[in-house]
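Novice: no FASTA, just this:
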């Protein structure tokens, strides 16, 4: 049986409220972070990051922008997404990141072990 609970993206206010925890998370994850452009050769991989979209930002991170205009079909847009678990931990299992828009729908399974 599937648990269909929804966890929305963090708001800017929630993100700022957890700034200390976010900075620690970013520092711990920095050794694993890699560029994405090389994984998407049709986007001109290796020729820059493409469009960078920030939905939330800490002071000094730059501007938050609403992704109203997305790149062309084969262009790359990247940005970090932040979710806060209702229980403050993520249980093992498969989660699904769902994008719903009037022009399209996408689902990305994310498996945590």
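Specialist: Great, that's in hand. Please read these numbers as outputs of a predicted model, since none were measured by experiment.

Novice: ranges for the helices of the chain?
Specialist: Assigned by DSSP state H, the chain shows helices spanning 12-17, 19-29.

Novice: who's in contact with the first one?
Specialist: Contacts with helix 12-17, where a contact means CB atoms under 8 Å, 6 or more residues apart in numbering, come from 22, 56-58, 64, 82, 84. No exception for glycine: its C-beta is placed from N, CA and C like everyone else's.

Novice: with stretch 87-100 instead?
Specialist: Residues from elsewhere that reach stretch 87-100 (CB under 8 Å, 6+ apart): 81, 105-113.

Novice: tell me the mean pLDDT over that stretch?
Specialist: Average pLDDT, stretch 87-100: 85.

Novice: repeat that for stretch 57-67.
Specialist: 74.

Novice: quick revisit: now, which of the contacts of stretch 87-100 sits nearest residue 30?
Specialist: Checking these against residue 30 by CB to CB gives residue 81 as the nearest, at 16.7 Å.

Novice: you'd agree that closest one is up against residue 8?
Specialist: No: the pair residue 81 / residue 8 is not scored as a contact, 10.6 Å apart, by CB atoms under 8 Å.
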